[in-house]
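predicted model and sequence follow; I will ask about them next.
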Amino acid sequence: MSSAMLRMTQADDVARAIIERLDGKVVLGLPLGLGKANHIANALYARAATDLSISLRIFTALTLTPPEPGSLLEKRFMGPILERTLGGYPELAYAQAQRRGGLPPNIEVDEFFLQAGMWLNDPEVQQNYISANYTHASRYILERGCNVVAQLVAKGERDDAESYSLSCNTDLTLELLKAKAEGRSDLILVGQVNSELPYMPGPGELPPEVFAMMLESPEVEFPLPGPPKQPVSLTHYAMGFHVASLIPDGGTLEIGIGSMGHAVAHALILRHRQPVRFVEILKALTPPDDRLQRHTAPFEEGIYAATEMFVDAFLELYRAGVLKREVDGAVLDAAFFLAPRDFYAALRDMPLEERAKFRMTDVGFVNELHGADFDKRVADRKGARFVNNAMIATLLGAVASDALEDGRVVSGVGGQYNFVAQAFALPDARSIMTLPASRQASDGPESNIRWSYGHTTIPRHLRDMVVTEYGVADLRGARDGEVIARMLEVADAAFHETLADQAKAAGKLPGDHRISAFAAGNTAAVVGERLEPFRKAGDLPPFPFGSEMTQVEQDLAPALQKIKAAAASKTDIAALALRGLTPGKDPPGLVAALDRLGLSKPRGLEERLYARLVRGALAER
């Protein structure tokens, strides 16, 4: 490791020094998500783009790319929200080039996890994607000859000495530094200080001499990107309450980002604070002959988190007194974080000794069990429940989570397979896959439960628990016929007959099999009826942990979703516009909604049409 860290204030100076040190052959590792040193990466890109003698290969994952709203309505609605959540974040130059149509011939970008849905129609990105378990990514980076890692870091002081923290991305960097210490790599570590990044004590704390170079200057400071909180639908709440009833007190938990994680966290907090109410909601969603072991009592011992991603839902569980079981002084071990901006602020404001309860470590520690401390990891991760999102599940229990049937990658495998494997390796753990039973496609509703599917993330021999809004299918150790029957019980009623006929035709389901009376009511309308009293009572708020949107925006969002859905059909969009022309009292909130969208005094045909559509959509509430 270098004994003297070079301190610099200009990103271009860092890029020049890296290129000179590596003789123009740069194999750059950039951390997943938040931890990328954007200014250094962009300076390296700029030099390579104008000097074809430089070879720049980038290995990374989850390049954060701000979405580009399409229609005038989307731009006016999303513009201010994106500014609040992503404003000031410097977009990565290589991603901009990919969006424009391609990279220079001397620059390559390989990613092992993509921003969900962003690159489905980009052949270059699709062809350069590397399918990898998160725990194998550092191996692939080393095999490709990675010679420099550029990472965003937090600066602090420990024991009266200058110190740096890898903060949001200890995941692969710690593993790469271990490889260097063992003589398996000669890569250099380059840092970029960001004062908004929380200083996380623990394994990711490093002294200055570990870094070859450090970029620090007000000119390269930027606000951290914070994906906005998504509203929790009744569908997600139904799944969330089922999941929350499967988590034992004293257990271990892993959940992911987004509204599904918020639904589970909110249900767990309600179970802890109002167990009677929790049971009432669960009873409304559960068949009378349910035989699953359900956990409904408040948390006395509490739970511990072993999760690759430290999401904001865990912080809410900690505040509520649910996340409180400590392992070696920590309530959570995680490998990276990416969350709304108030999450970063909460960590920065937390006393350092309390912040240490959220321990950031290497991905191999949280995603795997093997190692010198195998027995301790097994003991610490008692009662583990690994909760992951899926896109498609088959009647035989296979799951597709990362790619479409034609092979195009939506996101990536990440750590999902790792956690499923852990669920089978630990003595009392379970893997829980969540997915809505159906989706609205361009030509109508589609079942997310299929007889077969052309792509698999988790094979059927690792089938365990599948949760939809209609219930829990416990598949572990069950015979194929039982698995199919249980999956049918959590499928949407509109597809029961077709799915059952396919299974019967294959000889995998008895010809006289019948769906239960409870499952025959598996429709969105029925779930809505069951949950409506609790929604009205305030038990199921659309944003349980706050929102970056104003109240007007929250009220307007469902109406805009209706317009977007109707746009797929000329008949539907015409009917919505006609409703907006119907005489009568204006729907509540119309004036504020039109004002927010700049449509209170529409000019031109397009604005007048949008104003009518907004009125029509609000009238349908």
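In hand now; what should we look at?

quick check: closest non-adjacent residue to the residue positioned nearest the centre of the chain.
By Cα atoms, centre = their mean, the chain has its centre lying nearest to residue 257, at 3.5 Å. Leaving aside its chain neighbours, residue 257 sits nearest to residue 311 (4.9 Å; criterion: Cβ to Cβ, 6 or more residues apart in numbering). Just so you know, the C-beta spots here come from the backbone N, C-alpha and C atoms, and that holds for glycine as well.

next one: residue 317
Residue 317 sits nearest to residue 323 (Cβ to Cβ, 6+ apart), 4.0 Å away.

I'd say residue 576 and residue 563 touch.
Yes - under the criterion of Cβ atoms under 8 Å, residue 576 makes contact with residue 563 at 6.7 Å.

show me the shaky parts of the protein.
Residues of the chain meeting the criterion pLDDT under 70: 1-3, 621.

hey, which strand is longest across it?
Criterion DSSP state E: the longest strand present in the chain is strand 148-158.

flag every buried residue along it.
148-156 (16 or more other Cβ atoms under 10 Å).

circling back: looks like the residue nearest to residue 317 contacts residue 306 (just checking).
No - contact status for residue 323 versus residue 306: not in contact, 11.6 Å apart, counting by Cβ under 8 Å.

overlap of the contact sets of the two?
Taking Cβ atoms under 8 Å, 6 or more residues apart in numbering as the criterion, residue 323 and residue 306 both touch 253, 332.

ok so, going back, residues in contact with the residue nearest to the centre of the chain?
Contacts of residue 257 (Cβ under 8 Å, 6+ apart): 227, 309, 311, 338-339.

of all the residues you listed, which two lie farthest apart?
Farthest-apart pair in those is 227 and 309; separation 11.9 Å (Cβ to Cβ).

identify the contacts common to these two.
Contact with both residue 227 and residue 309 is made by residues 257, 338, according to Cβ under 8 Å, 6+ apart.

of these two, who's got more company?
residue 309 (24 against 20; other Cβ atoms under 10 Å).

quick one on the thing from earlier: for the residue nearest to the centre of the chain, give me phi and psi.
phi -80, psi 160 (degrees, to the nearest 10).

begin at 689 from now on, thanks
Renumbered: residue one is now 689, and that last one reads residue 945.

which helices and strands sit right next to the helix or strand containing residue 1161?
Using DSSP states H and E, residue 1161 maps to strand 1159-1162. If contacts are counted by 3 or more Cβ pairs under 8 Å, 6 or more residues apart in numbering; DSSP states H and E, strand 1159-1162 sits against strand 1153-1156, helix 1168-1177.

CSV for those, including mean neighbour count and distance to residue 1292?
Shown next, in CSV, are those (neighbours: other Cβ atoms under 10 Å; distance: least, Cβ to Cβ, whole Å):
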stretch, mean neighbour count, distance to residue 1292
strand 1153-1156, 26, 45
helix 1168-1177, 21, 51
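
now these in a markdown table, with distance to residue 1192?
Output for these, formatted as a markdown table (distance: least, Cβ to Cβ, whole Å):
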| stretch | distance to residue 1192 |
| --- | --- |
| strand 1153-1156 | 21 |
| helix 1168-1177 | 9 |
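
please identify which of the ones you listed is closest to residue 1056.
If we rank the helices and strands packed on strand 1159-1162 by Cβ to Cβ, the stretch that ends up nearest is strand 1153-1156, at 21.3 Å.

distance from the chain centre to the closest one, please.
Centroid displacement of strand 1153-1156 relative to its chain, using Cα atoms, centre = their mean, to the nearest Å, is 18 Å.

sheet-wise, list the partners of that strand with their directions.
Sheet pairing for strand 1153-1156, assigned by DSSP bridges, gives strand 1118-1122 (parallel), strand 1159-1162 (antiparallel).

identify the residues contacting it?
With contact meaning Cβ under 8 Å, 6+ apart, strand 1153-1156 is reached by 927, 930-931, 934, 1078, 1081, 1085, 1087, 1118-1125, 1136-1137, 1160-1164, 1175, 1178-1179.
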